[in-house]
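Trainee: Here is a sequence with its predicted model. Questions after.
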Amino acid sequence: MLVGIKDLFKLLAISVVICCAAFVCTLFLNYNLDIVGIKDQITHPQGVIMYEALVASGKTVAGISGGCLIATSVLLLIFYVKNYIDSHCKELGILKALGYTDINVAKRFWVFGLSVFIGAVIGFISAFIYMPTFYEVQNKDGIFPTVKPNFNLSLLVFVIVLPTLFFILLSIFYSYFKLKRPVLDLLHEAKSTKTKIKKLNTDPDLPFLKNLRKNTLKRKILTFFVGFSAFCFSAMTQMSMSMEELSSESFSFMIISIGLILAFMSLLLSLSEVVKSNAKKIAMMKVFGYTEKECFYSILGGYRPVSYVGFFIGTFYQYGLLKIMVEIVFKDLDTIPDFTFNYKALIISAVAFIIAYEVILFLYSKKISRQSVKSIMLE
């Protein structure tokens, strides 16, 4: 059917997010499964306390991080399926006109779940490559007997098999829901009534540019990913700097790497889609005499406050999570230092974020400046 290599390549963002989720969950949960066998061998005075704290922290990190990343992947998948259907309405309409039922067409969307399978496999394998180092870091004080990584089949099922099946079924059922439209609507590439109403929802008391900026932010999924990218950048960079004192440099590097990958993937995905979906508006605005600065401000400028809110939330999220880990999970351990808010990390992270974000916006403003009426009319 209709889903080609180019379309599957666009699902790279889902593969990356799932890869990060699989990597984190495999590391912590596999360690939890392996250290169960040495519980009776622990002789260190604080060994039992440390054991219970590590098990609890593994479940917490895997649950929170894995849960958030999987929820993000669900939104990404819904976003891609919806975009695919909207941009291939005619082809899908022809299939329905030829007698294919909604479920027959929807079943072919199972291939979108392959992105999850690829990401989960890469994350799972990467975790086992890094696992010996991770086990050494977890037992850096020598409290436990030496533990070697073991392959746990149940983890493979929960990290690779079940998520893949879930996302395949999600792709099929969501596409089935989106395809329940008349054939003529698909052939004419007609949008739903709800979308039409949103497009006509303008405030006559607002100037055109402010109205355009307001309506641009109504694409909730794109707005979410702009805020999510700032959230990831803020939370992971600050957390990694704080973890240098609480854990190890390798653990800190792992956290910041995952955070930066998620942040930049989410931001580039959302901004690219914003520019692409507003290409015709940008070209026509230039025809009517609007400057490049005005086009940029009305299309992308509205996302700047969203990113700052995301950064603000990420700051308090990482502080709250580390505070819980130190004062609740590891409260009985003498080797864990007290944790206070890291203002130095906040300043470094904020400056780095503002520079990176503004550079990316500048690059996209140049992309907007290259939009011409001729290029749009030739599409």
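Mentor: Yep, it's here.
Trainee: contacts and neighbour counts: CA atoms only from here.
Mentor: Will do.
Trainee: ok, now how distant is K280 from I122?
Mentor: 39 Å (Cα to Cα, to the nearest Å).
Trainee: Let me fix that, I meant to ask about M285.
Mentor: 44 Å.
Trainee: do the same with Y174
Mentor: The value you get for Y174 to I122, if Cα to Cα is used, is 26 Å.
Trainee: and if you look at M325?
Mentor: Counting by Cα to Cα, the gap from M325 to I122 is 28 Å.
Trainee: Please apply the same query to F353.
Mentor: Using Cα to Cα, F353 is found at 28 Å from I122.
Trainee: now V116
Mentor: Taken as Cα to Cα, the span from V116 to I122 is 10 Å.
Trainee: Could you do C25 as well?
Mentor: Taking Cα to Cα, one finds C25 at 13 Å from I122.
Trainee: Please say which of these two ends up with more neighbours.
Mentor: The residue with more neighbours, out of C25 and I122, is C25; 27 against 19, by other Cα atoms under 10 Å.
Trainee: per-domain residue ranges of the chain.
Mentor: 1-190, 191-379 (automatic domain parsing).
Trainee: tell me which residues in the helix or strand containing M236 are buried?
Mentor: Assessed by DSSP states H and E, M236 sits inside helix 220-246. By 16 or more other Cα atoms under 10 Å, the buried positions in helix 220-246 come out as 222-243, 246.
Trainee: Next secondary structure after that helix?
Mentor: Heading C-terminal from helix 220-246 (DSSP H and E), you reach helix 249-277.
Trainee: what packs against the helix or strand following that next one?
Mentor: The helix or strand immediately downstream of helix 249-277 is helix 279-287, counting by DSSP H and E. Contact analysis of helix 279-287 by 3 or more Cα pairs under 8 Å, 6 or more residues apart in numbering; DSSP states H and E lists helix 292-299, helix 373-377 as its packing neighbours.
Trainee: Can you list the buried residues in helix 279-287?
Mentor: 279-283, 285-286.
Trainee: Now for those residues: which two are most distant?
Mentor: A279 and K286 (10.9 Å; Cα to Cα).
Trainee: Might you report the residue contacts of F112?
Mentor: By Cα atoms under 8 Å, 6 or more residues apart in numbering, the contact set of F112 is 8, 11, 77, 81, 167-168, 171.
Trainee: Relative to C19, which of those is nearest.
Mentor: L11 (12.5 Å).
Trainee: quick one: the closest one and F79, what's the gap?
Mentor: 10 Å.
Trainee: Among the two, which residue is more densely surrounded?
Mentor: L11 (19 against 13).
Trainee: Report the contact partners of the more buried one.
Mentor: So L11 contacts 77, 80, 112, 115 (Cα under 8 Å, 6+ apart).
Trainee: With distance to I70 as added columns, please give those in a markdown table.
Mentor: Putting these into a markdown table (distance: Cα to Cα, whole Å) gives the following:
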| residue | distance to I70 |
| --- | --- |
| L77 | 10 |
| Y80 | 15 |
| F112 | 15 |
| S115 | 13 |
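Trainee: In helices, which of these appear?
Mentor: 77, 80, 115 (DSSP state H).
Trainee: ok now stretch 278-292, how far from the chain's centre?
Mentor: From the chain centre to the centre of stretch 278-292 is a distance of 31 Å (Cα atoms, centre = their mean, to the nearest Å).
Trainee: for the spatially closest residue to L217 that is not a sequence neighbour, what are its contacts?
Mentor: Leaving aside its sequence neighbours, L217 sits nearest to T223 (Cα to Cα, 6 or more residues apart in numbering; 6.2 Å). Listed by Cα under 8 Å, 6+ apart, the contact set of T223 reads 217, 270, 303, 306.
Trainee: Please tell me how far T223 sits from Y343.
Mentor: 28 Å.
Trainee: cool, and K59?
Mentor: 28 Å.
Trainee: Settle it for me: which of the two has more neighbours?
Mentor: Each of K59 and Y343 has its neighbours counted (other Cα under 10 Å); K59 has more, 17 against 10.
Trainee: which residues touch the more buried one?
Mentor: Here K59 is in contact with 28-29 (Cα under 8 Å, 6+ apart).
Trainee: In three-state terms, label it for me.
Mentor: Secondary structure, DSSP: H, G, I helix; E, B strand; the rest coil: K59 is helix.
Trainee: Could you number the chain from 9 rather than 1 from now on?
Mentor: Taking 9 as the first residue, the last one we looked at is K67.
Trainee: Show the model's pLDDT score for it.
Mentor: The model reports K67 with a pLDDT of 78.
Trainee: Go ahead and flag the most central residue of this structure.
Mentor: Nearest residue to the geometric centre of the chain (Cα atoms, centre = their mean): T80, 4.7 Å.
Trainee: roughly how far apart are that one and K222?
Mentor: 24 Å.
Trainee: Go ahead and measure how far stretch 180-196 is from the middle of the chain.
Mentor: 27 Å.
Trainee: Please identify the buried residues of that stretch?
Mentor: Within stretch 180-196, the residues that count as buried by 16+ other Cα under 10 Å are 180-184, 187, 189, 191, 194-195.
Trainee: tell me the mean pLDDT over that stretch?
Mentor: pLDDT averaged over stretch 180-196 gives 82.
Trainee: All good on my end, thank you.
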